[in-house]
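# only geometry, no sequence info:
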């Protein structure tokens, strides 16, 4: 058992048309849920980013992070993940530094390379430039937080003899996500840690650390867990099936799991749950599986769960959160 792993919640703030709520009420409810989750014993919250989505998938995770920072006391706040190639790295460094300063150092910056053509077109970036956009972006962010002049000249960005202020007192970790080997190896090479989706790539990350002359202990893995955890997980999966099916099929349509149009959509929720990233666990299984994972990969520092699936009510998500807080977390700690 590990006492130094944070357990948290994952939010995309999607409000799909079939279940649409008023957006002001929608945000207010979820900010309240996060404050209550801190009292329940969850100690991190992670936000993800997309743009131009009919369901309002949050385009502004750093703004929401600030709102969460104001509503919480100890909870760590992170992004899993932001689409670094779409942003100006100096602006991202400034916003993340400000977030770190206003939350007493509770913020970590998780980024990824993105994959949606639509987003890259609008922000005038090329998908084929993603590796250099990410690597140069991370280097500029690090230099921006150092207190020294940035002085960076690369293929994609030029930043002159400028100091970026204020600098964070507690420097955020820069975490990098990825699901394919080059991206995971890049995380080991240029980032402070690896954002792992559903356990994919932990072995590759460990091997990449070693091949780069680092110890596995020097690594850090932050795990987004797709398990549906409930007293009767099969019944729970049936109850939230429409929301789960919506979530995974939207990602497929965008190209998260291969070129859009070439990766087939799931026809129904049971198939999506069986063949997607989802797992069905009761408390006993959750404790066994997560304990084993932490034992096999001691660099895991955080495991977080979807607070609710797109369109699912906060009340519905709260039932699972309460179950995890009461039946799972005390045994993991």
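Nice, thanks for sending it over. Predicted model only: the values in this text are computed from it and were never measured. Numbering: from 1, shown residues only.
# now the helices for the stretch 1-150 of the chain?
23-40, 61-71, 89-102, 117-122, 130-144 (DSSP state H, counting those that start in this stretch).
# CSV for those, including distance to residue 293, mean pLDDT and mean neighbour count?
Quick note: C-beta positions are derived from backbone N, CA and C, even for glycine. Formatted as CSV, the helices of the stretch 1-150 of the chain follow (distance: least, CB to CB, whole Å; pLDDT from 0 to 100; neighbours: other CB atoms under 10 Å):
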stretch, distance to residue 293, mean pLDDT, mean neighbour count
helix 23-40, 22, 98, 16
helix 61-71, 26, 98, 19
helix 89-102, 28, 98, 20
helix 117-122, 32, 98, 15
helix 130-144, 27, 98, 21
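# out of these, nearest to residue 301?
When the helices of the stretch 1-150 of the chain are compared by CB to CB, helix 89-102 sits nearest residue 301, at 17.2 Å.
# quick one, the closest one and helix 61-71 angle?
Helix 89-102 runs at 10 degrees relative to helix 61-71, counting by axes from the mean of the first three to the mean of the last three CA atoms, to 10 degrees.
# what does helix 89-102 contact?
Contacts to helix 89-102, defined as CB atoms under 8 Å, 6 or more residues apart in numbering, come from residues 62, 65-66, 69-70, 77, 82, 84, 106-107, 109, 136-138, 140-141, 144-145, 150, 157, 159, 164, 166-172.
# can you check stretch 199-213 too?
Stretch 199-213 is touched from outside by 178-179, 181, 184-185, 187-189, 194, 196, 215-216, 218-219, 221, 223, 225, 293, 296-297, 299-300, with contacts defined as CB under 8 Å, 6+ apart.
# filter those down to the buried ones, PyMOL style.
Buried subset of those, written as a PyMOL selection, criterion 16 or more other CB atoms under 10 Å:
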select buried, resi 178+179+184+185+187+188+194+196+219+221+223+225+293+297+299+300
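# show me the contacts for the nearest residue to residue 83 once chain neighbours are set aside.
Distance criterion CB to CB, 6 or more residues apart in numbering; nearest residue to residue 83, sequence neighbours excluded, is residue 114 at 4.0 Å. Listed by CB under 8 Å, 6+ apart, the contact partners of residue 114 are 83, 84, 85, 86, 120, 127, 130.
# which members of the residues you listed are the farthest-apart pair?
84 and 127 (13.4 Å).
# can you give me the strands for the stretch 201-333 of the chain?
For the stretch 201-333 of the chain, the strands defined by DSSP state E, counting those that start in this stretch occupy 221-225, 227-229, 279-281, 300-306.
# make CSV out of the ones you listed and add distance to residue 93 and mean pLDDT.
CSV is the format used below for the strands of the stretch 201-333 of the chain (distance: least, CB to CB, whole Å; pLDDT from 0 to 100):
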stretch, distance to residue 93, mean pLDDT
strand 221-225, 20, 98
strand 227-229, 34, 98
strand 279-281, 36, 98
strand 300-306, 22, 98
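# how about those in a markdown table, adding distance to residue 320?
Listed next are the strands of the stretch 201-333 of the chain as a markdown table, based on distance: least, CB to CB, whole Å:
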| stretch | distance to residue 320 |
| --- | --- |
| strand 221-225 | 12 |
| strand 227-229 | 6 |
| strand 279-281 | 11 |
| strand 300-306 | 8 |
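# residue closest to the middle of the protein?
In the chain, the centroid-proximal residue (CA atoms, centre = their mean) is residue 80; its distance is 1.7 Å.
# ok, that one touching residue 195?
Yes: using CB atoms under 8 Å, residue 80 is in contact with residue 195, at 5.2 Å.
# what do these two both touch?
By CB under 8 Å, 6+ apart, the residues touching both residue 80 and residue 195 are 110, 175, 177, 222, 224.
# among those, which one lies nearest to residue 310?
For these, the nearest to residue 310 is residue 224 (15.2 Å; CB to CB).
# mind listing which of the contacts of stretch 199-213 are in helices?
181, 184, 185, 187, 188, 189, 293, 296 (DSSP state H).
# give the contact list for the fifth one.
It refers to residue 188. So residue 188 contacts 194, 205, 208, 209, 212, 214, 219 (CB under 8 Å, 6+ apart).
# for the fifth one, grab phi and psi.
Reported as degrees, to the nearest 10, the phi and psi values for residue 212 are phi -100, psi 10.
# distance check, it against residue 186.
For residue 212, the distance to residue 186 equals 11 Å [CB to CB, to the nearest Å].
# so for these two, which sits in the more crowded spot?
It is residue 186, of residue 212 and residue 186, that has more neighbours when counted by other CB atoms under 10 Å, with 19 against 11.
# relative to residue 290, how far out is the more buried one?
As judged by CB to CB, residue 186 and residue 290 stand 27 Å apart.
# can you list the buried residues in stretch 202-209?
The neighbour-count check on stretch 202-209 (16+ other CB under 10 Å) flags 202, 204, 205, 206, 208, 209 as buried.
# I am finished for the moment; much appreciated.
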